[in-house]
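Visitor: all I have is the shape, not the residue letters:
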């Protein structure tokens with residue numbers, strides 16, 4: 001049998017194996033933990049978990065499981081510490097699946113990971129070699145797709161128990177399979193060159209994210225309860241007014257709202273969904289509430305729907321779950337999980353809970369943002385990239401009016417609006433249409449105009465910035481030539497539909513071909529900026545969209561603001577300098 005549960009007799013052999021590994025020789029490593037679950041009921045709260053066991057796998061097929069904190073059958077504490085010391089000292093390359101998680105576990109278990117670490121989750125993600133499904137870069141998904149394995153199901157082994165309550169003999173196969181599959185995945189996926197951004201940026205950034213999650217951000221729970229009561233009252237009042245005006249239509253029923261749009265409401269300029277029905281999104285409500293062709297009834301209904309939608313979203317999507325997550329820790333701080341592999345472009349996403357889409361332009365949204373605050377005696381420091389995607393677009397497009405205008409420090413939305421003869425909101429939509437691939441119909445909705453006027457605005461943009469459509473075509477042709485888009489951070493995104501005979505699939509692939517390098521560069525620049533900020537002594541606690549937020553002692557706030565601003569400005573030397581605004585304050589609203 002090539003797998004065994006480590007005992008005092010075999011612990012020495014394990015230590016010797018770790019000590020005898022050649023420089024950079026790979027071995028698989030994985031940990032198991034026990035602890036309270038997150039509110040979703042599926043994942044362990046890593047910040048309150050304990051190291052329960054660890055497994056090792058070596059290239060010669062030997063694999064073992066070290067029981068650390070099971071209810072019975074554990075290796076003696078002194079032997080465990082000796083194994084962990086050998087782990088930290090080994091010259092071999094420790095291959096894990098989820099470096100951020102393993103960083104958390106090393107802190108929880110008070111041990112050090114080796115100097116050489118590789119993460120197959122990030123390796124799969126950066127090469128765009130996911131296994132499909134809801135978790136394409138999960139170990140089990142990758143093992144099925146690349147290794148032909150059908151890993152054991154966790155629930156089948158644990159049977160609803162904490163891992164500490166599983167007999168080590170029963171845990172052996174499941175745990176060692178994880179370590180073996182991790183090592184085999186590395187061997188299958190192959191390494192990347194030593195100068196690849198995976199080594200210089202992504203692997204160090206995983207550990208930065210672990211530190212960021214451990215710090216968390218303070219949330220004012222008692223004020224959140226008061227705001228929740230206020231929003232609940234406002235939602236109820238809006239509902240009462242709605243029922244008085246539209247007694248037969250539920251504001252939360254998409255089907256009924258669609259029929260209402262097709263009936264007495266003004267519909268000029270309202271976009272339709274792919275099914276052909278009218279959209280009921282917040283953007284549509286905003287359009288209807290001010291559109292000159294909307295009826296008075298339509299404007300009133302759109303306003304009520306917007307108010308209901310905002311209050312309901314803030315309550316159910318943000319205040320309620322965030323308050324629950326804040327209650328998980330004695331210090332009242334929330335610790336969202338930052339997903340380094342959460343997007344295909346390279347940007348960071350967030351979950352448990354998400355703070356990404358809290359509205360900041362409305363009074364109610366700002367009240368929610370004000371609940372996130374600095375600790376006593378501290379200040380929040382935040383830096384925000386200004387129009388970073390336009391700077392990246394100009395970098396790719398090369399010399400031309402776009403680059404010149406940015407170098408002159410112009411507000412690009414005002415500048416474009418004046419040149420093309422449209423308002424600022426329309427100019428902003430037109431600017432980003434060439435990054436996100438939206439067309440004249442969306443611009444027409446923003447301008448409250450017909451599509452022909454929007455098309456003329458697109459034509460005027462292309463005459464003003466001819467270097468942009470040329471850059472768009474270069475990006476599409478590059479994907480046609482090699483089959484994938486590639487970001488400045490080395491992230492690959494395969495686009496097999498780029499030559500599809502189906503114009504819809506081909507069009508979608510072309511939009512992604514243009515968008516991925518720009519979005520990917522933005523995400524990569526943010527990661528570089530955060531690494532520079534940490535190196536300058538500015539501890540990051542949040543990253544949302546184009547903003548980086550840190551928390552420092554109040555007396556250090558101004559120095560930290562300057563350091564963060566410089567770290568962000570110098571993250572990457574583009575043809576157009578990065579513009580950054582940095583602020584200090586007590587709450588997220590103050591620094592937004």
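Guide: Alright, I've got the coordinates. As the structure is a computational prediction, the values presented were derived from the model and not from experiment.

Visitor: strands along the stretch 401-550 of the chain, start to end?
Guide: Taking DSSP state E, counting those that start in this stretch as the test, the strands found in the stretch 401-550 of the chain are 484-486, 492-494, 540-544, 547-553.

Visitor: and of those strands, who's closest to residue 288?
Guide: Residue 288 lies closest to strand 540-544 among those, at 29.0 Å (C-beta to C-beta). Where you see a C-beta, it was placed from the backbone N, CA and C, and this is true even at glycine.

Visitor: could you give me the buried positions within the closest one?
Guide: 540, 541, 542, 543, 544 (16 or more other C-beta atoms under 10 Å).

Visitor: and it, what does it pack onto?
Guide: Judged by 3 or more C-beta pairs under 8 Å, 6 or more residues apart in numbering; DSSP states H and E, strand 540-544 is in contact with helix 203-215, helix 503-535, strand 547-553.

Visitor: okay, now the sheet partners of the shortest one, with direction.
Guide: For strand 547-553, the paired strands and their directions (DSSP bridges) are strand 378-386 (antiparallel), strand 540-544 (antiparallel).

Visitor: ok and the last one relative to helix 203-215, angle-wise?
Guide: With axes from the mean of the first three to the mean of the last three C-alpha atoms, to 10 degrees as the basis, strand 540-544 and helix 203-215 are set at 100 degrees to each other.

Visitor: contacts made by strand 540-544 with the rest, please.
Guide: 208, 211-212, 215-217, 336, 338, 348, 350, 355-356, 526, 530, 533-534, 548-551 (C-beta atoms under 8 Å, 6 or more residues apart in numbering).

Visitor: picking up where we left off before, what would the strands of the stretch 401-550 of the chain look like in CSV with distance to residue 361?
Guide: What follows is the strands of the stretch 401-550 of the chain, written out as CSV (distance: least, C-beta to C-beta, whole Å):
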stretch, distance to residue 361
strand 484-486, 32
strand 492-494, 31
strand 540-544, 15
strand 547-553, 15
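
Visitor: ok, which of these comes nearest residue 296?
Guide: Judged by C-beta to C-beta, the one of those that comes nearest to residue 296 is strand 540-544, at 38.2 Å.

Visitor: using CSV, lay out the strands paired with strand 547-553 together with distance to residue 137.
Guide: Converted to CSV, the strands paired with strand 547-553 look like this (distance: least, C-beta to C-beta, whole Å):
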stretch, distance to residue 137
strand 378-386, 27
strand 540-544, 20
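
Visitor: which parts of stretch 394-408 are buried?
Guide: For stretch 394-408, by 16+ other C-beta under 10 Å, it's 394, 395, 396, 397, 400, 401, 402, 403, 405, 406.

Visitor: got it, and stretch 27-43?
Guide: Under 16+ other C-beta under 10 Å, the buried positions of stretch 27-43 are 27, 28, 29, 30, 31, 32, 33, 34, 35, 38.

Visitor: tell me which helix or strand comes right after the lowest-mean-pLDDT helix or strand in the chain.
Guide: Ranked by mean pLDDT, DSSP states H and E, the helix or strand of the chain with the weakest confidence is helix 254-262, at a mean of 70. Going down the chain from helix 254-262, the next helix or strand is helix 282-290, by DSSP states H and E.

Visitor: other residues contacting the following helix or strand past that following helix?
Guide: Next helix or strand after helix 282-290 toward the C-terminus (DSSP H and E): helix 296-313. Contact with helix 296-313 is made by 231-232, 234-235, 238-239, 241-242, 245-246, 251-252, 257, 260, 264-267, 280, 282, 284-291, 294, 359, 362, 364-365, as judged by C-beta under 8 Å, 6+ apart.

Visitor: for ChimeraX, write a command that selects the buried ones of those residues.
Guide: The ChimeraX command for the buried members of those (criterion: 16+ other C-beta under 10 Å) is given here:
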select :231,234,235,238,239,242,246,251,257,260,265,266,267,280,284,285,287,288,289,291,294,359,364,365
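
Visitor: excluding chain neighbours, give the residue nearest to the residue nearest to the spatial centre of the chain in space.
Guide: Residue closest to the average C-alpha location in the chain (C-alpha atoms, centre = their mean): residue 349, at 1.0 Å. Leaving aside its sequence neighbours, residue 349 sits nearest to residue 342 (C-beta to C-beta, 6 or more residues apart in numbering; 3.1 Å).

Visitor: check the secondary structure at that neighbour for me.
Guide: Secondary structure assignment for residue 342 (DSSP: H, G, I helix; E, B strand; the rest coil): coil.

Visitor: give the full set of residues in contact with it.
Guide: With C-beta under 8 Å, 6+ apart, residue 342 has these contacts: 348, 349, 350, 351.

Visitor: mind putting those in a markdown table, secondary structure, pLDDT and distance to residue 423 included?
Guide: Formatted as a markdown table, the contacts of residue 342 follow (DSSP: H, G, I helix; E, B strand; the rest coil; pLDDT from 0 to 100; distance: C-beta to C-beta, whole Å):
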| residue | secondary structure | pLDDT | distance to residue 423 |
| --- | --- | --- | --- |
| 348 | coil | 93 | 32 |
| 349 | strand | 93 | 32 |
| 350 | strand | 93 | 33 |
| 351 | strand | 92 | 36 |
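
Visitor: surely the residue nearest to the centre of the chain touches residue 343?
Guide: Yes - assessed by C-beta atoms under 8 Å, residue 349 is found in contact with residue 343 at 5.5 Å.

Visitor: ok, which of the helices and strands packed on strand 540-544 comes nearest residue 416?
Guide: Among those, helix 503-535 sits nearest to residue 416 (C-beta to C-beta), with 17.3 Å.

Visitor: for that closest one, give the mean pLDDT please.
Guide: Taken as a whole, helix 503-535 has a mean pLDDT of 96.

Visitor: and stretch 61-79, by the same measure?
Guide: Stretch 61-79 shows a mean pLDDT of 96.

Visitor: in that stretch, what's buried?
Guide: Neighbour counts over stretch 61-79 (16+ other C-beta under 10 Å) mark 62, 63, 64, 65, 66, 67, 68, 69, 70, 74, 75, 79 as buried.

Visitor: can you list the low-confidence ranges for this structure?
Guide: 1-3, 259-272, 274, 276-277, 293 (pLDDT under 70).

Visitor: the domain parsing of it - what is it?
Guide: 3-191, 219-334, 349-388+524-591, 390-519 (automatic domain parsing).

Visitor: check the offset of the longest one from the chain's centre.
Guide: A distance of 24 Å separates the centroid of the chain from that of domain 3-191, by C-alpha atoms, centre = their mean, to the nearest Å.

Visitor: also stretch 585-592?
Guide: The answer for stretch 585-592 is 22 Å, by C-alpha atoms, centre = their mean.

Visitor: residues in contact with it?
Guide: Contact partners of stretch 585-592, identified using C-beta under 8 Å, 6+ apart, comprise 360, 366, 369-374, 379-382, 384, 547, 549, 583-584.

Visitor: from those residues, keep the buried residues only.
Guide: Buried among the contacts of stretch 585-592 (16+ other C-beta under 10 Å): 366, 369-374, 379-382, 384, 547, 549, 583-584.

Visitor: ok, so of those, who is nearest residue 15?
Guide: Distances from residue 15 to these, taken by C-beta to C-beta, are shortest for residue 549, at 42.8 Å.

Visitor: what residues are bridge-paired with the closest one?
Guide: According to DSSP bridges, the residues that bridge with residue 549 are residue 382, residue 542.

Visitor: what about the helices in the stretch 301-450 of the chain?
Guide: Here the stretch 301-450 of the chain has its helices, by DSSP state H, counting those that start in this stretch, at 320-326, 363-369, 388-397, 401-407, 412-420, 424-436, 440-447.
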